[in-house]
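K.L.:
What shape does this take:
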Amino acid sequence: MHIETEIEELITDTIVDLLTERKFSELKSIISEMNPADIALVMSELPEERIAIFFRLLPKDLAAETFVEIDTDMQEDLIHTFSDAELREVFNELYVDDTVDILEEMPAGVVKRILKNTDKETRHVINELLQYPEDSAGSIMTTEYVRLNSSLTVSDALAVIRRSGVEKETIYTCYVTDNNRIVTGIVTARMLLTSSPDKIIEDIMETNVIVAKTTDDKESVATALQKYDFVALPVVDDENRLVGIVTIDDAIDVLQEEATEDIEKMAAITPTEKPYLKMGTFGLFLSRIPWLLLLMITATFTGMIITGFESSLASQAVLIAFITMLMGTGGNSGSQSSVTIIRALSLEELKLSDIFRVIWKEVRTAILCGSVLALACFAKIWLVDRMLLGNSEITVLVDAVVCISMFITVLVAKVVGAILPMLAQAVKLDPAVMASPFITSIVDVLSLIVYFRVATLLLGI
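P.N.:
Model (predicted):
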């Protein structure tokens, strides 16, 4: 067992024992030194009836940070146990964007109670953020940032940060705006701390500012933060006024969600936000069965093709033995290309105009892969199937049919696997849906057509 896992289990066991023995002062001293993410992990292991007691032992600031880390079901259960005063205490310590994230996952009754216990100004900001589309930058931004005037001196700017920075999500990057809230520059904590106190902000600020629109896709904003190594990215409205920032922690959450969603789509599963252990059997069934039904229907084309060549196969029954190998190799080849292209599209390394460059690259790759596979296949069939297993029906011509079909199948599969994700993006579909299951189904059909056509030409069946 990993040493960190042993330590986590030991801490959890100790906390459970202290809770059971009601040694609250000793317990409080232990958990007050822990990280919120670790506390959330411990809470997930506690008996349900002890979670509320445990949470109330947390210091105010730590309780709010931990509340953000625990899962939605536990958040809802705790809210039901909170008095109005406790509810206000927890949510007053949260950043507005975290509050919005929580509200989006809660039932209407719980949302109403939370909003009722927030002040008018905060409630107004929350309602504004809730109106942005779910996948937009506006939905994940926070309105808690430091805004400075370009005419301030460095010492004045530091005074502003000291006065208001406690309530802001980040003070490392500060935004310089004019009287209309138009972003004119940025200054970092490093710039301020290494400049003379009497320097003017306008003289030290960085004027080449990259901004996002409130309506921009949140994945694009997260990718931009990753690309430029920013701690935060300013978000402006349609009139270019600064309305919020997206911080790196929110970007990481977005990228994680998108990666999980892509993985589920690539495995032909309807994406869900619930963790696996929180999903019921019927929920798992509903997320999987539509795709399985669709793939089953597409697989009927394979059967139809085999049936169409049934009489030909009867005269060369040995060909049947190599169908699964051809289909499997074709599906694997197509999947390799599709996954590579899907990843490149998600990282914005490719666009539709690159399609011919992609095809040319995949053709050359397929020629190399197909040649090696065909040669290996020829040797395997001749040495193993004919000589070792003594299958006298295998002739040089039969071996050649299989190997030529292998080469063409790999070539077709890699080109199809590369093109389909790009075409999907062009028609505003998620490229991830064109992953392994769909590519495999399409390539299965194409590989059989190729196989039987080659066999017809060379063997005259």
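
K.L.:
going forward, measure contacts and count neighbours with C-alpha atoms only.
P.N.:
Noted.

K.L.:
Which residues are in contact with Arg22?
P.N.:
Contacts of Arg22 were listed using CA atoms under 8 Å, 6 or more residues apart in numbering, and none were found.

K.L.:
And what about Val243, helix, strand or coil?
P.N.:
strand (DSSP: H, G, I helix; E, B strand; the rest coil).

K.L.:
Spatially, which residue comes closest to it, not counting chain neighbours?
P.N.:
Val236 (5.4 Å; CA to CA, 6 or more residues apart in numbering).

K.L.:
chain center to stretch 321-330: distance?
P.N.:
Stretch 321-330 sits 33 Å away from the centroid of its parent chain (CA atoms, centre = their mean, to the nearest Å).

K.L.:
Just the CA coordinates for it, please, in PDB.
P.N.:
Extracted in PDB, the C-alpha atoms of stretch 321-330 (Å, rounded to 0.1, in the frame of the first residue of the first chain):
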ATOM      1  CA  ALA A 321     -10.400 -17.300 -40.500                       C
ATOM      2  CA  PHE A 322      -8.800 -13.900 -41.200                       C
ATOM      3  CA  ILE A 323     -11.800 -11.700 -41.100                       C
ATOM      4  CA  THR A 324     -11.500 -10.800 -37.300                       C
ATOM      5  CA  MET A 325      -7.800 -10.100 -37.700                       C
ATOM      6  CA  LEU A 326      -8.400  -7.700 -40.600                       C
ATOM      7  CA  MET A 327     -11.300  -6.000 -38.800                       C
ATOM      8  CA  GLY A 328      -9.400  -5.700 -35.500                       C
ATOM      9  CA  THR A 329      -6.300  -4.300 -37.200                       C
ATOM     10  CA  GLY A 330      -8.400  -1.800 -39.200                       C
END
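
K.L.:
Tell me which residues of it come out buried.
P.N.:
Within stretch 321-330, the residues scored as buried using 16 or more other CA atoms under 10 Å are 323, 326-327, 329-330.

K.L.:
quick one: which of those residues is nearest Gly460?
P.N.:
Of all these, the one with the least separation from Gly460 (CA to CA) is Ile323, at 18.2 Å.

K.L.:
In terms of helices and strands, where is the closest one?
P.N.:
In this assignment (DSSP states H and E), Ile323 forms part of helix 323-346.

K.L.:
What are the buried residues along the following helix or strand past that helix?
P.N.:
With elements assigned by DSSP H and E, the helix or strand that comes after helix 323-346 is helix 355-380. Under the neighbour-count criterion of 16+ other CA under 10 Å, helix 355-380 has 358-359, 362-363, 365-367, 369-371, 373-374, 377-378 buried.

K.L.:
Which strands and helices lie in contact with helix 355-380?
P.N.:
If you count contacts as 3 or more CA pairs under 8 Å, 6 or more residues apart in numbering; DSSP states H and E, helix 355-380 packs onto helix 396-426.

K.L.:
what angle sits between the helix it packs on and helix 323-346?
P.N.:
Going by axes from the mean of the first three to the mean of the last three CA atoms, to 10 degrees, helix 396-426 is angled at 30 degrees with respect to helix 323-346.

K.L.:
in helix 396-426, what's buried?
P.N.:
Neighbour-count burial for helix 396-426 [16+ other CA under 10 Å]: 398-425.

K.L.:
quick one: average pLDDT of it?
P.N.:
Helix 396-426 shows a mean pLDDT of 92.

K.L.:
Let me see the domain layout of the chain.
P.N.:
3-132, 147-261, 276-459 (automatic domain parsing).

K.L.:
gap between the second one and the chain center?
P.N.:
Yep, that's domain 147-261 we're talking about. On CA atoms, centre = their mean, the centre of domain 147-261 falls 25 Å from that of its chain.

K.L.:
State the distance spanning the first to the last residue of that domain.
P.N.:
In domain 147-261, first residue to last residue: 35 Å (CA to CA, to the nearest Å).

K.L.:
Need the nearest residue in space to Arg62, chain neighbours excluded.
P.N.:
Arg isn't right for residue 62; it's Leu. Per CA to CA, 6+ apart, closest to Leu62 is Pro36, 6.6 Å.

K.L.:
wait, the one you found sits on Thr66?
P.N.:
Yes - here Pro36 reaches Thr66: they are 4.5 Å apart, a contact under CA atoms under 8 Å.

K.L.:
Please name the residues that touch the nearest residue to Asn117 once chain neighbours are set aside.
P.N.:
Nearest residue to Asn117 in three dimensions, chain neighbours excluded: Arg88, at 5.6 Å (CA to CA, 6+ apart). The contact partners of Arg88, taken as CA under 8 Å, 6+ apart, are 114, 117-118.

K.L.:
Neighbour count and secondary structure added to those, as CSV?
P.N.:
Formatted as CSV, the contacts of Arg88 follow (neighbours: other CA atoms under 10 Å; DSSP: H, G, I helix; E, B strand; the rest coil):
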residue, neighbour count, secondary structure
Ile114, 19, helix
Asn117, 17, coil
Thr118, 17, coil
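
K.L.:
Out of these, which is nearest to Ser441?
P.N.:
Nearest to Ser441 out of these is Ile114 (CA to CA; 49.1 Å).

K.L.:
low-scoring pLDDT stretches of the stretch 301-450 of the chain, where are they?
P.N.:
Along the stretch 301-450 of the chain, the model assigns pLDDT under 70 to residues 309-315, 435-436.

K.L.:
what comes into contact with stretch 28-41?
P.N.:
Where contact means CA under 8 Å, 6+ apart, the residues beyond stretch 28-41 that reach it are 57-59, 62-63, 65-67, 69-70.
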